[in-house]
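Visitor: Sharing a model that was predicted from the sequence below.
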Amino acid sequence: MSEALKQKIQDAFHEPGCATNAAKPEAERKKGCAKQLTPGAAAGGCAFDGAMIALQPITDVAHLVHAPLACWGNGWDNRGSASSGSELYRKGFTTDLTELDIVMGNGEKKLYRAIREVIAQENPAAVFVYATCVTALIGDDIGAVCKAATERFGRPVIPVNVPGYVGSKNLGNKLGVDALVEHVVGTMEPAEPGLTDINIIGDFNLSGELWQVKPLLDRLGIRILGSISGDARYAQVAMMHRARVTMLVCSHAFMAIARKLEERHGIPWFEGSFYGISDTSAALRTLCRMLVERGAPADLLPRCEALIAEEEARTRAELAPLRPRVGGRRVLLYTGGHKTWSVVSALQELGIEVVGTSMRKATDGDRGRVTEIMGTDAHMYENMAPAEMYRLLREARADVLMSGGRSQFVALKARVPWIDVNQEKHEPYAGYMGMVELVRAIDRAVNNPMWADLREPAPWEVPACEAPDAPFVLASVPGSKADFEDC
Amino acid sequence: MSEALKQKIQDAFHEPGCATNAAKPEAERKKGCAKQLTPGAAAGGCAFDGAMIALQPITDVAHLVHAPLACWGNGWDNRGSASSGSELYRKGFTTDLTELDIVMGNGEKKLYRAIREVIAQENPAAVFVYATCVTALIGDDIGAVCKAATERFGRPVIPVNVPGYVGSKNLGNKLGVDALVEHVVGTMEPAEPGLTDINIIGDFNLSGELWQVKPLLDRLGIRILGSISGDARYAQVAMMHRARVTMLVCSHAFMAIARKLEERHGIPWFEGSFYGISDTSAALRTLCRMLVERGAPADLLPRCEALIAEEEARTRAELAPLRPRVGGRRVLLYTGGHKTWSVVSALQELGIEVVGTSMRKATDGDRGRVTEIMGTDAHMYENMAPAEMYRLLREARADVLMSGGRSQFVALKARVPWIDVNQEKHEPYAGYMGMVELVRAIDRAVNNPMWADLREPAPWEVPACEAPDAPFVLASVPGSKADFEDC
Amino acid sequence: MARLIHPDRALSTNPLKVSAPLGAAMAYLGIEGAIPLFHGAQGCTAFAMVHMVRHFKEAIPLQTTAMNEVSAILGGGEQIEEAIENIRKRAKPAFIGIASTALVETRGEDVAGELREMLRRRTDFADTAVVYAATPDFAGGLEEGWARAVEAIIDALVVEVPRRVRQVNLLPGANMTAADIEEVAGMIRAFGLTPVILPDLSLSLDGHLAEDWRGHSLGGTRLADIATMGGSVATLAIGEAMRPAADRLAALGVPAHVFPSLTGLKAVDAFVATLMRLSGAEVPASLRRDRARLSDAMLDAHFHIGGLRVAMGLEPDLGFALGTTLAAMGAELTCVTTTATAAAERLPVAEVAVGDLGDLERAAERDGCQLLLTHAHGRMMAERLGLPHVRAGFPIFDRLGAMDACRTGYRGTRAFLFEVANAVLSHPHRPRPEDFGAARISPEFDHATPPPSHH
Amino acid sequence: MARLIHPDRALSTNPLKVSAPLGAAMAYLGIEGAIPLFHGAQGCTAFAMVHMVRHFKEAIPLQTTAMNEVSAILGGGEQIEEAIENIRKRAKPAFIGIASTALVETRGEDVAGELREMLRRRTDFADTAVVYAATPDFAGGLEEGWARAVEAIIDALVVEVPRRVRQVNLLPGANMTAADIEEVAGMIRAFGLTPVILPDLSLSLDGHLAEDWRGHSLGGTRLADIATMGGSVATLAIGEAMRPAADRLAALGVPAHVFPSLTGLKAVDAFVATLMRLSGAEVPASLRRDRARLSDAMLDAHFHIGGLRVAMGLEPDLGFALGTTLAAMGAELTCVTTTATAAAERLPVAEVAVGDLGDLERAAERDGCQLLLTHAHGRMMAERLGLPHVRAGFPIFDRLGAMDACRTGYRGTRAFLFEVANAVLSHPHRPRPEDFGAARISPEFDHATPPPSHH
């Protein structure tokens, strides 16, 4: 590993603003966020995976993976970021290094040719080149190749140096975004910068979630100028430095770029979420307040309040008929960060009981919010081993699991409904309209008559004796690290 | 059966111009064309079926069948007449008479309501009402109902009185066309009648066959004004009386209308075919000659010759590479009428050997042509029982059967290629370009490697001893009537 | 309990129903060495034959008494006799099954009586079993015609015989494919029972290439086996339409078990429970595994079927089998069926129209249906509404392998759930900003550099 | 004999190949109580696991040695030991199958040697069988990785034992589904032979709902059975990729029969002939019938497949099986495959590109292909070119029931032919006048009357 890469990794983790890090005891904090992976008990993606997650939603870029086949052959075409324009980001480009390439030391030459070919073939806005384990190990200097290619082909070619072995998905998020800060931000200028131009960072527009929110911004006259999110164009990354405010959606990994935009270009930022009614309203309020503070017309504030009032009222009206269908149901929540409490409050408002919420990637602040909302900390837990979760669900101590894809089969195999609330989900749950969709999804899931049929014994089975339910106290469940890594 | 209907049936069969009838001995001719059906040994459609075949290709008409369910429930949506406009003709409309309707004598009332409903629902150019066995038996007066409906709803409602039991498909063709002559032809006027306007009658535009020919007419400036063919509009039937020449495509059943157009409106007509190179050229020549005789510009003739020369040359060039792939193959032809010889000559031109051609529905003229083309009459045969045909094919005395759908499985089950040359076929074989398609189809069929695999024995079978082929003389095959009725 | 609606209209648009005589003919074709014979005008036979040829992709030996203008008025007794004579001469069938049509039933002849008298007289016909079912087109559809034929066969050919240990009668419904019948027969055999299947299309219309050409059905239930059905220990009838046939066998002392459906977890469980009781045998391991696999398939498929709005146009028994299965997975049905039967009334929905595809098309549009489940004639409607179309029932003329679709038993249910889920997946929804009312992104941001010329 | 083309380009667009370690992991999952372990960075495992989860719709117990920046430089021996220790503690597997990745193979460690030494030392690991296969990502694809794993299992676990009468070894290829394996095993059993299937995904990844949660594979080949494979009377290997594995068993005295394909009439005939010879038994009636049904299916399907231009992007053995079947029906193939193997060279076509979906898309456009036959990643290409898309191979993540697709044996071939024909039929061609160069009909003739207001 080059010294430069080592330094970059160190920097990436010394993120002063990082909430996760800030939440740790002093001693741990010094180690940075790098999690020590346990052989035989690890899960989750590598740094390359993380970088790709962060950057691939940029739609008009050719994402070129400099690696043997597996890195991208097994990984391309597996995410649901929606685009309203170019489909280029959905194509899989790789140098597909062979044994011969490696033995002969042809890596850099092949990469250079591949860059030339992808520009000729696809006419991309830019090429992002990702280096992975093998190309790092054999010492390919992708920085130099990208520089030469940029000059020769007159098209931005951005090196993203993320060998998988340097660490986790989280680290890769950071390294990916760093590459943008270093090479892209500030390289293009908008035609007419406005006083209500904003940056949105870290929403993947899964199944169109960003578009569930965009009409709200449209009505307020707020323009998404800069974006490292789903449906972003390269130009929107390059113009970020001209926005008036940055909103960071649910990702500590992207904090570096928000902070640097503030330091270098004086753009204030805040962390917000469009998940749940109250979060959505809060995010809109903060956005408008900050824009007005930076010189946007003051009537933005009352217009925002009017919009919120109207939308909240309509949403509550739409939710009303669904309440009896979901009220009283017991949800086990297995997610992370701010969702640990924002979803809780949204569900409680509907009369849904949250029997447990995981505290992974949660800050002290998050913990406090949960305790406040739920009135006790008995429902907080850390990780849970699949076998434990299976047992809990099989014993029907929760009516539904809401989590990411990795725990999907734990719920299903326990004959318990499961709702995807993480990245792989097929339905958009953002903003006000998304909340209604989510509750409809809960309704569909928990009220599906299939569950009753599935739980009945086969004709050849003596019906199992039904033991009375033991009280469900999550604190008693032994946790196990690294069984899932959902967010 | 009403006396009126009886008279109509008599008339339909006393068709002086009918080639089939003309071909019969004097004694038989007097009986008309009505074939005596043999219980337990009959096949083929009824009069209702025949009327529907003739009229359903008229696209913007609601074809309403006044009957219990089976007549149309089992029959709708089973033909491949293509339309470039309305799809209305593909919908199935019926009064679906129930037992109650019949017992209560509600037939006429229900029909009247159904006409009202179909006009309101579909806004058709006209409604054709078909009476079948049961409604004839219970004495519904569809003529009166149609008359009343026409007056009341201001839309042409045409009665087509064709109970199935009155006779065969052929009779139904005639009765259907009679209804058009009686009620439709002459009821509308074209905006600008021209000197090169023609009628085309009896081409069903299966898979677009008419469109394979239409570009030739387009280039000659000939307009299809009137039509009882595939892709016809109601207006084109109503305007037939203003065409200059009528071309009757391959159907004796439609002769009555051609003759009446001549008698009443002085429009000369001829029988022609767009099947095969020479027939296509002959039809174009005749059309142009007759149009010029009726006053079209004389330069139509040289333009026609130039077109024919060009098209024939191109077609022969396209066929040249296919010759070695089909040359020497032995075809058994099981079709009827003019195809018995027109296809023979086309195939012989390609070096394909015709080992037999059926003489069903063939005139003395047809017979003469076959003898002339083949140099002998040994290859002519009448009907052939399926078991006989199976034996012949199984013994591999022909390489391919060309016929209609009914004998399809005789060939297939004998492991012999089959090509559909009749009404149900999925590929268009008309005009010059269609001839090339037909030869490609023969190539694809006979050269499919599947046949060799299929004819090999199963692993558990001792290979059958191969007896030397007996010489194939069709005349020795006992015929059996009414096993198929293909045309 | 569904309310049956009879749409108030005189016009039927795009028929859904298939005629009863056709159903009877199909049942007759499940007998070995059979030729079905329609008593009516020759067109009835021609339409039905083409219909079946297009579905089965097989030559269909269907004959007609060829009623003409004379016999239509005076009666068709002689036509039948002549038909039988000609058929026997040409094809030497072991069995002729007659189905009447609207034409003769409207006349109201006593065909059955005439036939009895004629057969008594024509002793030379003795080596061909002849059966007659009254199946006017104006009453019932495919399922009813099929059931009438099976009843007629039982009436004519089943006799009292001594008990036959471990033999059971299986009466498949009209809409069961060759694969369905094989699956059910396999389950029965796995319990050590021997089924006599009446009729058995899985031997006659399963699409196989024979070594010679016959003018009658190739395979099917043997007449000798039919005669023994009175000795079976039980009758298993599939579909409500088969209840009268089962009852006839019950009158001979064979207990009747009518299963309204063999599709869906609970329905198959009920069938298996009966087989357990009848056989006293252990449940085979393969069946336990099949159930575990179905359970898993339900989990995977429910994401796609739960909440799915399905427009279903099927005959009552088939509709009941597939409809209850989908409803048990959380689908919402919009139903049209062909006849007002007990099965139709038990469809898992508030209201069922007894109607045609036109009714279904209007209802599907009204209810925002997302998938169409009906026979091949629905394809035009599916195209107009932009819906994925799962083909079920008769006819299926625009696909191959209609008889290979198994939707019966644990395995067939699994396949059906996957089929429906995959039909949904084959019409993926691509979200667009407009779907949510969002304005398009400014074209200013789009990449517009011309492609590089050098490379 | 096809000429193999290696496209002259540095850029791979839309990978077709799946990595070898994933193939090895899949093979290991066919062993009962197994956990596959990737020796590499944790991302290799994460990508492969997600890939398999999406295909199988099952939790996949795949683990990683989690190589980090230190072990990437200094070597990962300790990582393996620690991984085995942790896995044993958490999931108590009977079997751990290790597959190396590009990362460790690029370093060139002697992992096998280190592992042997470590296992000698760690006697406490004795009740878990541990196997190692070298499967660098840069050599071969799914089929090769799978084959390497099977070879490693044979090397490690098969011992010399006395002859076992009527036992045969069945080595399924990587691309055989649970349904394929069941079909072949059923054929073998029908001849009175007992197969030991290595590996057996039909028991572990067939999608079944179990009664509890385990951290390892649920079902698969039992270790005890693997040990007896040296005593079998023959090895039946399916696909050229399995030849080395069969040869290893041959070295133990078990005659090897390698079948390049079990799809297509002639291929299945050859297999049946072998079973006849091995067993000396009568051919079961069901198999005769299956062949007659396949023959009939060929007749029905050839109208749609004869002359069909098919773009095929599959791994070599699967491509050979499906490609020869379609070519034997008169289809014309445009082929891209993943690795330059003997099977690839035998594809029934003049030229085969060893390439990616980008190559296939260009070639399909050039050749006017009418149908696409490749895995799920081809869906975007199918959409761009407007082609029906038959999914085959791995991964199939956008449909359910990938493991239920049987394309093997007489029955599987019949189903495959119908599947292809139906894919063609699902994209019906509607002729238009323009197709033939015909001018449109004058609008003068169109019906333009406004709809009636009264009714």
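Guide: Yes, it's here. Numbering: from 1, shown residues only, chains lettered A, B, ... in the order given.

Visitor: Look at C:Arg248 and report its pLDDT.
Guide: The per-residue pLDDT reported for C:Arg248 equals 97.

Visitor: So it sits against C:Ile153, correct?
Guide: No - using Cβ atoms under 8 Å, C:Arg248 is not in contact with C:Ile153, being 9.8 Å away. C-beta here means a position set from N, CA and C on the backbone, and glycine is covered the same way.

Visitor: neighbour count winner among those two?
Guide: More crowded of C:Arg248 and C:Ile153, by other Cβ atoms under 10 Å in any protein chain shown: C:Ile153, with 28 against 21.

Visitor: give me every residue that touches the closest residue to chain B within the stretch 201-350 of chain A.
Guide: Using Cβ to the nearest Cβ, the single residue of the stretch 201-350 of chain A nearest to chain B is A:Gly208, 34.4 Å away. By Cβ atoms under 8 Å, 6 or more residues apart in numbering or on different chains, the residues touching A:Gly208 are A:Ala82, A:Pro428, C:Pro431, C:Arg432, C:Pro433, C:Asp435, C:Phe436.

Visitor: Now tabulate those residues in TSV and tack on pLDDT.
Guide: Compiled in TSV, these are given as follows (pLDDT from 0 to 100):
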residue	pLDDT
A:Ala82	92
A:Pro428	91
C:Pro431	91
C:Arg432	93
C:Pro433	94
C:Asp435	93
C:Phe436	94
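
Visitor: Please flag which of those residues sit within strands.
Guide: The strands in this structure, assigned by DSSP state E, contain none of these.

Visitor: Strands of the stretch 251-400 of chain C, start to end?
Guide: C:256-259, C:309-313, C:332-337, C:351-354, C:371-374, C:389-391 (DSSP state E, counting those that start in this stretch).

Visitor: quick one: strands adjacent to the first one?
Guide: It stands for strand C:256-259. When pairing is defined by DSSP bridges, strand C:256-259 lines up against strand C:234-238 (parallel).

Visitor: same question for the strand it pairs with, mean pLDDT?
Guide: 98.

Visitor: do stretch C:78-89 as well
Guide: 95.

Visitor: tell me which residues of the helix or strand containing C:Asn422 are tucked away?
Guide: Using DSSP states H and E, the element containing C:Asn422 is helix C:409-425. Buried residues in helix C:409-425, defined by neighbour count with 16 or more other Cβ atoms under 10 Å in any protein chain shown: C:409-424.

Visitor: wait, which of these is closest to chain B?
Guide: C:Ala423 (21.2 Å).

Visitor: Show me the helices in the stretch 51-200 of chain C, by range?
Guide: Per DSSP state H, counting those that start in this stretch, the stretch 51-200 of chain C carries helices over the ranges C:69-74, C:77-91, C:102-107, C:111-121, C:142-157, C:178-190.

Visitor: CA atoms of the fourth one as PDB?
Guide: Taking C-alpha atoms only, helix C:111-121 is exported to PDB below (Å, rounded to 0.1, in the frame of the first residue of the first chain):
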ATOM      1  CA  VAL C 111     -82.300 -38.600 -28.500                       C
ATOM      2  CA  ALA C 112     -81.300 -40.800 -25.600                       C
ATOM      3  CA  GLY C 113     -84.400 -42.900 -26.000                       C
ATOM      4  CA  GLU C 114     -84.000 -43.200 -29.800                       C
ATOM      5  CA  LEU C 115     -80.400 -44.100 -29.300                       C
ATOM      6  CA  ARG C 116     -81.200 -46.900 -26.800                       C
ATOM      7  CA  GLU C 117     -83.700 -48.300 -29.200                       C
ATOM      8  CA  MET C 118     -81.300 -48.100 -32.100                       C
ATOM      9  CA  LEU C 119     -78.500 -49.800 -30.200                       C
ATOM     10  CA  ARG C 120     -80.800 -52.600 -29.200                       C
ATOM     11  CA  ARG C 121     -81.600 -53.100 -32.800                       C
END
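
Visitor: packing partners for it?
Guide: helix C:77-91, strand C:95-100, strand C:129-133 (3 or more Cβ pairs under 8 Å, 6 or more residues apart in numbering or on different chains; DSSP states H and E).

Visitor: deepest of the ones you listed, which one?
Guide: Each of the helices and strands packed on helix C:111-121 was scored by mean neighbour count; the highest is strand C:95-100, a mean of 28, by mean count of other Cβ atoms under 10 Å in any protein chain shown.

Visitor: Quick one: distance of that strand to the chain centre.
Guide: 19 Å (Cα atoms, centre = their mean, to the nearest Å).

Visitor: what does the helix or strand of chain C with the lowest mean pLDDT rub up against?
Guide: Least confident element among the helices and strands of chain C, by mean pLDDT, DSSP states H and E: helix C:69-74 (a mean of 83). Identification of contacts with helix C:69-74 by Cβ under 8 Å, 6+ apart yields B:1, B:6, B:133, B:137, B:163, B:165-167, C:41, C:65, C:78-79, C:103, C:107.
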